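K.L.:
Attaching a predicted model along with its sequence, questions to come.
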Amino acid sequence: APYQTKRTDALLKHKPPRVEIDAVIVSAKYGEGKRHGVFGTFEIAILDENREWKSLGSVGTGLSEGDLMRLTTLLKRIVEKYEGEVFHVLPRIVLEVTADGVTKNELGGFGLRFPRVLRIRDDKSPMDCTEIGDLE
């Protein structure tokens, strides 16, 4: 079909299936605006081949106001250290996260494209999370 600058039924958009992983929260920051009183951004990590936590970046969408309040309460109990605006926490809380894809940088680090939290995984132990080998 010829290119058109408006919506048309002549073309279809292909979206590959989203990736789903289970990751732990390793740090959190307070949100802004209506999220100013609760943690609004969470750094997530998974286990590498040496059983050490490796960051996948941050996620902040997909959680309800109730989820954010609950996570703030839970995470404040397990703060390991505080640096600037970042609260580093013990890896105890698991999130199920979906993303458009997984990227790998030139240093071998992984990241998620457009991550979104699906749910808090109360039923899963941090040691049962997705591992680096599962992403490759």
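P.N.:
Thanks, I have it. On a predicted model such as this, the values are computed, not experimentally measured, just so you know. Residues are numbered from 1 along each chain as shown.
K.L.:
Dig out what residue 83 forms beta bridges with.
P.N.:
residue 86 (DSSP bridges).
K.L.:
nope, residue 98 is what I was after
P.N.:
Applying DSSP bridges, one finds that residue 98 bridges with residue 20, residue 116.
K.L.:
How many neighbouring residues does it have?
P.N.:
17 (other CB atoms under 10 Å). Quick note: C-beta positions are derived from backbone N, CA and C, even for glycine.
K.L.:
for residue 56, same thing?
P.N.:
A count of nearby residues for residue 56, using other CB under 10 Å, gives 25.
K.L.:
show me what contacts it?
P.N.:
Contacts of residue 56 were listed using CB atoms under 8 Å, 6 or more residues apart in numbering, and they are 21, 23, 44, 45, 46, 110, 111, 112, 115.
K.L.:
Among those residues, which one has the most neighbours?
P.N.:
residue 23 (30 neighbours).
K.L.:
what stretches of this protein score poorly on pLDDT?
P.N.:
Scanning the chain for pLDDT under 70 picks out 136.
K.L.:
and if we set it to 80?
P.N.:
The chain contains residues with pLDDT under 80 at 1-4, 10-16, 108, 135-136.
K.L.:
Would you format the contacts of residue 56 as TSV with secondary structure included?
P.N.:
Converted to TSV, the contacts of residue 56 look like this (DSSP: H, G, I helix; E, B strand; the rest coil):
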residue	secondary structure
21	strand
23	strand
44	strand
45	strand
46	strand
110	strand
111	strand
112	strand
115	coil
